[in-house]
Structures are given as structure tokens and as C-alpha cells.
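Colleague: sharing a model prediction with you, sequence too.
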Amino acid sequence: MQISTLRKTLFLLCLCCSLNTFAQDSTYTRSLIKTLTSKAFWGRGYTKNGMAKAAEFIASEYKKIGVLPMGDKYKQDFSFPVNTFPGIMSLNIDGKKLIAGRDFIISPESIGKKSVIDKIKDSLNLSDTTSLTIKVVDKLTWSVAQKTTDWTTISVKKSAIKQPFNSVKVDIENHFIRDFKASNVVGMVKGTKYPDSVLMITAHYDHLGGMGANTYFPGANDNAAGVATLLSLAKYYAANPQPYSIGFICFAAEEAGLLGSKYFVEHPLVALSNIKFLINLDLVGTGEGGMTVVNASVYPKAFALLNEINNSENLISKINQRGKAANSDHYFFTESDVPAFFFYTQGGPSAYHDVLDVEKNLPLTEYNDLFKLIVSFNNRLMVNLTVK
């Protein structure tokens, strides 16, 4: 018994030593975020081939750092309907040309519209007889829609215009794609002792894409930061194989309704019963306000273990507890009896689903501490997996 305990202690010490020399360099992570948020990937969305380019890049990173495919290839293909805005995106109010994303957004389920309206009676919430609605709002937040409606809704930022306004000129193009093709990007580092037991790390790589031909949403915190952290962990585990297999999934179509993770759960590339624990990373680029764990109350032993590690290693300033929520890609795994946590950090820049979520504003305040916490948590799971 004493020899077994000593071996476990030495095992953990060795892992901690290798971790301390690896996790301090966040250059790789930062470079990944810069790449994923660049114009070339066009918001990792539905126009200009942005999502497909991002998937190809992630697969190439897996291969470069020594992560094997999960199954026979790095991509798990699926499709779904989506409404897109690939071309004309023009709005003038009282002769002033407004900028998409900065001054206004189009409701994601809207159809295209070409219209000129003069002599407006109520400009605070314009709704005309040609199925056009214009709302004046304090903040612009965009999303993704899998369907279209029979009208066009535009939200205009209050600070971008003078009120009341008298005339509106709209010219917007939409394109509904019934069978948009996307891919989850999947990889694995095989376990040295228990290869059929898997600890899974996940993050969605898609974002909102572009609004018109000239505006895209970079999605630095949501979720280039999560993907970059996942790839940094993949690089670490590829260089330091563990007794258990470590799996990595970068999901597509999270923003369209958790579609990539739902598809994986329905068509698993590893048996769901073999996934001993899953950590999902989304919105992890800050940390001044600590972090929150979704499903903490669902798996109290695991949450207690996480806090024990965090307190003993003096890592994240505060870990908040949250219950079950269908707010990211962990959800369908939990619903299928796979124990899972969803981590997100708090504080720092408040940009979310807007054009201001850019790499240069992302502090990565708790990147190193979060990295260490995940590896230490996985280490403890592999020693004694009794935390459900």
C-alpha cells in the first residue's frame, strides 16, 4: 500500500514538473488566436468559406503537433440549414451611410430587402407595410439562424443616428442554404496504459461569420480562445502521453444551436461510455473575475476536487458554481450520461457576439492558471476516477 501511494505521488510530481516548464509559454496560444480571428477566416462562419478554412487549419495543427485522428480522419462531416448574408448590406438613414456591425445589424432570420421610405412618422420603432422593421437599440448583438421569416428586421445603434429620423434606404441581400456542410475536427492522443478510457477536451471553433461583403465578426473570446487553449493542451499531451487517452473535439455550428456536439453524441467516434470526463472550453480569454463551472452542482465530488487543486496550487482567483445549463457543447454529453464540466472565465472586456471581440483586446489573464488546473484535474482523475 505504501509503495503504491509513493508511486502515485512520484507520478504526479513528474507530471507537475513537465507542466511547469510547458505552460508558461503562451506564445503559441496567442498566435493561434491571431490566426483564427484574422480576416482570412472571415469569422469562421457561413460566407467566404470561413468555417471550412478554420476546420482545415485546426486539422493541420493536430497533425503538426502529433495528435492522431479520432477514427480514420480528422473531420466528422455533417450538414444543416442556415441563413447567410454574403453580399449587399447597405443602410442609409437621413442620407447617412451606416456601417454593418458597427452601426447596425440585420436580424439573422431576415430575408433580403430593397426599400426606400420617406416621411417617417415614428422613427423610434419603424415598421412599414413592406415587411421592414427598424429598431433603435443601445447595444448590437448578432447570432445565427437556421430559418428565414417573411420580414426584415434591422437594429440600429442609438449613438449612430440622430432622432427622430425622416428617411430610410435599405438594400440587403440574404442567401438561405438548405444544406450547409460543416465538420467537427477530432483528434486523439492514445493512452499508454488504458487507451479505451478517454478524458475529452472540447471547444467550438465556429463563430458568426460575416454580415455582408465587408464586415466579419472575429470571435476572439468566443471562441478562438477556447480553441487555442485546446490546441495548446493537445500539444502538451502529444509530447507527454498519459495512461488514459486524451481526446480533442473542435465543434462546428455551436452558434447555430449546439449542432456539432449534438451530431457527435448521436454519431460518436468513440463509445460515450468510454469518456470518463469531458471539459468544454468556451469564453476563456479573460479571468479577472475568476471562472465559472457549469454542471458543478451536478457533479459535486468533481467540483470539490477541482477546488481542492485550485486552492492547493493557488491558481484561479475564484471558481463559481453553476448548475445544469444548455449553454454550450457539454450539454448533449451530459444528457447522455457523460460527466462533463463547462468552463468559462469572467471579467475583462465585455465584447460578445459583436465586432469588438478582437484578439488585441483579449487579455488571456488566467490562461496559464487554467491550463495548469485542467492538467492537474485530469491527473487526479487518472489516479482515482471516483468523482461523479
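Modeller: Perfect, I can see it now.

Colleague: what separation do you get for Gly323 and Tyr352?
Modeller: 22 Å (CB to CB, to the nearest Å). Any C-beta I mention is one placed from the backbone N, CA and C, and that applies to glycine too.

Colleague: quick check on those two: which one has the bigger neighbour count.
Modeller: Between Gly323 and Tyr352, counted using other CB atoms under 10 Å, the more crowded position is Tyr352 (14 against 9).

Colleague: pretty sure Gly112 sits against Asn174.
Modeller: Yes. When contacts are counted by CB atoms under 8 Å, Gly112 is listed as touching Asn174 (4.4 Å).

Colleague: who's more crowded, these two?
Modeller: Taking neighbours as other CB under 10 Å, Gly112 and Asn174 compare with Asn174 leading, 21 against 18.

Colleague: need the contact list for the more buried one.
Modeller: By CB atoms under 8 Å, 6 or more residues apart in numbering, the contact list for Asn174 reads Asn83, Thr84, Phe85, Ile106, Ser110, Ile111, Gly112, Thr148.

Colleague: tell me, what's the model's pLDDT at it?
Modeller: Per-residue pLDDT puts Asn174 at 98.

Colleague: coming back round to it: adding pLDDT and distance to Pro164 as columns, could you present the contacts of Asn174 in TSV?
Modeller: Formatted as TSV, the contacts of Asn174 follow (pLDDT from 0 to 100; distance: CB to CB, whole Å):
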residue	pLDDT	distance to Pro164
Asn83	98	31
Thr84	98	33
Phe85	98	28
Ile106	97	22
Ser110	97	24
Ile111	96	27
Gly112	95	27
Thr148	97	30
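
Colleague: quick check, nearest of these to Ser232?
Modeller: Closest approach between those and Ser232, by CB to CB: Thr84, at 31.5 Å.

Colleague: nearest residue to that closest one in space, please, no chain neighbours.
Modeller: Using CB to CB, 6 or more residues apart in numbering and skipping residues adjacent in sequence, the residue nearest Thr84 is Tyr46, 4.5 Å away.

Colleague: surely the one you found is in a helix?
Modeller: No. The assignment for Tyr46, made by DSSP: H, G, I helix; E, B strand; the rest coil, is coil rather than a helix.

Colleague: tell me the contacts of it?
Modeller: Going by CB under 8 Å, 6+ apart, the list of residues near Tyr46 reads Val82, Thr84, Val144, Ile177, Phe180, Gly209, Gly210.

Colleague: show the pLDDT at it.
Modeller: Predicted confidence (pLDDT) for Tyr46: 98.

Colleague: pairing partners for the closest residue to Tyr263 other than its chain neighbours in the sheet, please.
Modeller: Distances taken as CB to CB, 6+ apart place Phe78 nearest to Tyr263, at 4.5 Å, with adjacent residues excluded. Judged by DSSP bridges, the bridge partners of Phe78 are Ala182.

Colleague: Gly219 versus Phe78, what's the distance?
Modeller: Noted for Phe78: a distance of 21 Å to Gly219, by CB to CB.

Colleague: ok, now Ser197?
Modeller: 33 Å.
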